[in-house]
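Asker: Here is my input, please return the structure:
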Amino acid sequence: MAPSSPAAPLRIVFAGTPDFAASSLAALLTSSHQVVGVYTQPDRPAGRGRKLAASPVKQLAEQHDIPVFQPLSLKNHAEQEILKSLNADLMVVVAYGLILPPLVLSIPKLGCINVHASLLPRWRGAAPIQRAVLAGDEESGVTIMQMDAGLDTGDMLLKKSCPINKDDTGSSLHDRLAELGAQCLLETLANLPSLQQQATPQNHDEANYAHKLDKAQAKINWRQSALEIEHLVRAFNSWPVAFSELDEKRVRIWQAKAYDQQHNVEPGTIITGSPEGVVIGCGEGVLKLETVQLPGAKALPITAVLNAKQDLFSTGKQFS
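Answerer: Have a look, this model is predicted:
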C-alpha cells in the first residue's frame with residue numbers, strides 16, 4: 001500500500017536484540033523518524049573467552065549515539081518512568097526477548113508494534129523461522145502487529161509472504177526475512193494511522209507455538225523419514241546444527257539431501273560409504289550427506305572428509 005501523503009516523523013523507541021532486529025533498526029535510521037532510545041538485552045558472555053558482548057542492536061545504536069537501556073525487566077516502576085521520560089509516539093519491538101507488561105504497552109502515544117518473522121498466526125513464539133523450515137512449510141513471511149498483552153496475539157497491521165525454497169536453511173531464510181521485516185516496518189510507519197484503524201484480528205485457532213531452539217533438539221532420530229531429517233538439518237543450519245554419533249564421535253551435519261529410495265537396513269545404517277558420497281538409511285527413504293563437520297575440524301564437503309576419514313564412514317556402520 002503506498003502512502004497517500006508523507007507521514008509526519010515519529011519519536012520512536014526501539015526494542016530489539018539480535019541481528020534480525022538490527023536490520024529493522026538500520027532501516028529506521030535511514031528514515032525521517034527519530035529514534036530517541038534503544039532497549040536491548042543486557043550484555044551476555046560470548047565466544048570462547050566468554051567475555052561480555054554487546055548485542056548487534058546495542059552496537060548499532062552506539063554507533064549512532066542513541067541512548068541505550070538494558071533493564072533486566074520492564075516490570076519495575078523506575079524503569080517504566082524512564083521509558084515515559086522519552087516521550088515516544090511509538091515503540092517498535094523486534095525480537096527483544098523481554099515480555100512487555102500491559103502498562104508498558106500503553107506508554108507510547110500510539111502503543112507498541114512488533115515485527116514478527118511469520119505469517120501470523122502460523123508460528124508464534126521465539127523461533128518462527130526455524131520452526132517453519134522444520135515443519136516443511138512452503139512459505140513464511142513477516143507480520144507487523146499491534147502488540148497486546150498476549151504472546152504474539154495482537155491485531156495484524158501488515159503481512160507479506162516469502163517462499164521457502166527447497167534449499168533454504170534457517171540461516172538463509174532468516175536473512176531474507178530480516179530484510180523483508182525492515183521493508184515492512186517502513187511501509188507500516190508510512191501508513192500507520194490507516195493501518196491501525198483497519199487492523200485485522202488473528203484467528204487463534206490456527207496458531208502454533210514456535211518453541212525456543214535447544215541443542216538437544218538437533219540430535220537426529222534416524223527412525224524419522226529422510227525428508228523430516230533433511231528439514232531438521234536445514235532448519236538448524238547455522239545453529240544449533242543437526243548431529244549424530246558415529247564411532248563415539250559427534251558428526252555435525254550441515255547439509256544433506258533426502259531421497260525416496262527403498263532399503264532394508266536398520267535406520268541410521270550407512271548403505272553407501274564411498275568417494276561418491278555417504279548414504280544413510282532412515283525410517284523412510286535415505287539421506288545423502290553433503291557437508292559435515294567432525295570434532296575439532298571445520299565443516300567440509302563430504303567428499304573432502306572422505307579423503308581423510310574413509311574408514312569412519314564405512315558401509316554397514318551405524319549412527320546412534
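
Asker: What distance do you get for Gly141 to Leu158?
Answerer: 10 Å (CB to CB, to the nearest Å). No exception for glycine: its C-beta is placed from N, CA and C like everyone else's.

Asker: Repeat that for Leu86.
Answerer: Relative to Leu158, and taking CB to CB, Leu86 is found at 25 Å.

Asker: Tell me which of those two has more neighbours.
Answerer: Taking other CB atoms under 10 Å, Leu86 and Leu158 do not tie; Leu158 has more neighbours (20 against 17).

Asker: Strand partners (parallel or antiparallel) of the least confident helix or strand in the chain by mean pLDDT?
Answerer: Least confident element among the helices and strands of the chain, by mean pLDDT, DSSP states H and E: strand 44-46 (a mean of 86). Looking at strand 44-46 with DSSP bridges, its partner strands are strand 51-53 (antiparallel).

Asker: Mind listing what's buried along the partner strand?
Answerer: When burial is assessed from 16 or more other CB atoms under 10 Å, strand 51-53 yields no buried residues.

Asker: pLDDT on that strand, on average?
Answerer: Confidence over strand 51-53 (mean pLDDT, whole number) is 90.

Asker: now stretch 142-152
Answerer: Stretch 142-152 comes out at a mean pLDDT of 96.

Asker: Sketch out the helices for the protein, chain order is fine.
Answerer: 19-29, 56-63, 77-85, 102-105, 128-134, 170-190, 192-197, 226-235, 302-309 (DSSP state H).

Asker: which other helices and strands contact the lengthiest strand in the chain?
Answerer: With DSSP state E setting the assignment, residue counts place strand 249-259 as the longest strand in the chain. On a contact count with 3 or more CB pairs under 8 Å, 6 or more residues apart in numbering; DSSP states H and E, strand 249-259 meets helix 226-235, strand 242-246, strand 286-293.

Asker: swap the cut-off to 10 Å and go again
Answerer: helix 226-235, strand 242-246, strand 277-281, strand 286-293, strand 300-301, helix 302-309 (3 or more CB pairs under 10 Å, 6 or more residues apart in numbering; DSSP states H and E).

Asker: circling back: just the residues contacting the least confident helix or strand of the chain, thanks.
Answerer: Under the contact criterion CB atoms under 10 Å, 6 or more residues apart in numbering, strand 44-46 has outside partners 17, 50-55.

Asker: ok, the residues you listed vs Leu105, which is closest?
Answerer: Leu105 lies nearest to Thr17 out of these, by CB to CB, at 18.5 Å.

Asker: Check the gap between the closest one and Asp155 for me.
Answerer: Distance from Thr17 to Asp155, by CB to CB: 24 Å.

Asker: Which one's more surrounded, the two?
Answerer: The residue with more neighbours, out of Thr17 and Asp155, is Thr17; 22 against 16, by other CB under 10 Å.

Asker: That'll do, ta.
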